[in-house]
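In: sequence first, then the predicted structure, then my questions.
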Amino acid sequence: QQPVQSPQAVILREGEDAVINCSSSKALYSVHWYRQKHGEAPVFLMILLKGGEQKGHDKISASFNEKKQQSSLYLTASQLSYSGTYFCGTELDNQGGKLIFGQGTELSVKP
Amino acid sequence: SAVISQKPSRDICQRGTSLTIQCQVDSQVTMMFWYRQQPGQSLTLIATANQGSEATYESGFVIDKFPISRPNLTFSTLTVSNMSPEDSSIYLCSVARANNQPQHFGDGTRLSIL
């Protein structure tokens, strides 16, 4: 039931782009994306509801393909501050808002 | 977003003892959740803390080991009972105003059992 994220880790140079994928074996009601820096709490990035949403702010955006039961997070022109572990959290229908998190994708942005 | 205060931030405990972790929110929230996170790993949901009723536990977690209280819409506690070294982990509370709303996390409690 845990969603599968890919890749597990990625190393970028500043200014490069990255895509992180999140796939579920079950139909999804919504997908949440979080970033967690070492020793800190996860920080909310965005939420996508079923219906094929695509959202974005600044240079981080995400899409949700309900049919394929997957979501992708797009980071463009990466900055050093983007480094951290990215988690997708998936919500199924009628689950009272609870999330099941993927295993995480560790992103390192180098100068 | 809500301001969440989680206490203690860290503790070192003896085997067989219990520790209660507090989660205080600066505004009323419908949903509160408790997670466990091993270093370098994902977040595992322990339970949903329901105001005025018993918590809803996930598979692998039981009330006798992790009793939870939720006396009102701004406060919850998680107790880790009869601790063993396997309980060493980071425990996090999160809150959300409703379904399909972001979850916001407390800073976590880093627990070590000797």
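Out: Ah, there it is. Residues are numbered from 1 along each chain as shown, chains lettered A, B, ... in the order given.
In: kindly report the residues of chain A close to chain B.
Out: A:2, A:29-30, A:32, A:40-44, A:47, A:49, A:87, A:89, A:91, A:96-104 (C-beta under 8 Å from any C-beta of the partner chain). Just so you know, the C-beta spots here come from the backbone N, C-alpha and C atoms, and that holds for glycine as well.
In: quick check, B:E86 in a helix?
Out: Yes. Under DSSP: H, G, I helix; E, B strand; the rest coil, B:E86 falls within a helix.
In: OK, contacts around it?
Out: B:I113 (C-beta atoms under 8 Å, 6 or more residues apart in numbering or on different chains).
In: now it: how far from B:G106?
Out: 23 Å (C-beta to C-beta, to the nearest Å).
In: so how far is A:S78 from the closest residue to B:Y91 other than its chain neighbours?
Out: With sequence-adjacent residues excluded and distances taken as C-beta to C-beta, 6 or more residues apart in numbering or on different chains, B:Y91 is closest to B:T109, at 4.7 Å. Going from B:T109 to A:S78 by C-beta to C-beta gives 32 Å.
In: for A:H38, same thing?
Out: A:H38 is 17 Å from A:S78, by C-beta to C-beta.
In: neighbour count: the two, which is higher?
Out: A:S78 (22 against 10; other C-beta atoms under 10 Å in any protein chain shown).
In: just the element for that one, please.
Out: Counting by DSSP states H and E, no helix or strand carries A:S78.
In: may I ask which helix or strand encompasses the residue nearest the centre of chain B?
Out: For chain B, the residue whose C-alpha lies nearest the mean C-alpha position (C-alpha atoms, centre = their mean) is B:W34; its distance is 3.4 Å. Per DSSP H and E, B:W34 falls inside strand B:31-37.
In: got the contact list for residue 70?
Out: Picking chain A for this. With C-beta under 8 Å, 6+ apart, A:Q70 has these contacts: A:21-24, A:64.
In: if you could check chain B rather than the one you did, that'd help
Out: B:32, B:49-52, B:55, B:76.
In: what do you get for A:K55?
Out: Here A:K55 is in contact with A:46-48, A:61-62 (C-beta under 8 Å, 6+ apart).
In: pull out the buried residues from the contacts of B:R70.
Out: Among the contacts of B:R70, those classed as buried by 16 or more other C-beta atoms under 10 Å in any protein chain shown are B:32, B:49-51, B:55, B:76.
In: and which of these is nearest to chain A?
Out: Closest approach between the buried ones among the contacts of B:R70 and chain A, by C-beta to the nearest C-beta: B:N50, at 8.8 Å.
In: if we can go back for a sec, would a markdown table of the buried ones among the contacts of B:R70 with pLDDT be doable?
Out: Below are the buried ones among the contacts of B:R70 laid out as a markdown table (pLDDT from 0 to 100):
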| residue | pLDDT |
| --- | --- |
| B:M32 | 95 |
| B:A49 | 93 |
| B:N50 | 81 |
| B:Q51 | 83 |
| B:A55 | 92 |
| B:S76 | 97 |
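In: which of those residues fall within strands?
Out: B:32, B:49, B:76 (DSSP state E).
In: got the residues you listed as TSV, with distance to chain A columns?
Out: Below are those laid out as TSV (distance: C-beta to the nearest C-beta, whole Å):
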residue	distance to chain A
B:M32	10
B:A49	11
B:S76	15
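In: what's the closest of the residues you listed to B:P102?
Out: Minimum distance to B:P102 across those is 13.7 Å, recorded for B:M32 (C-beta to C-beta).
In: report the contact partners of the closest one.
Out: B:23, B:25, B:48-49, B:51, B:70, B:76, B:93-95.
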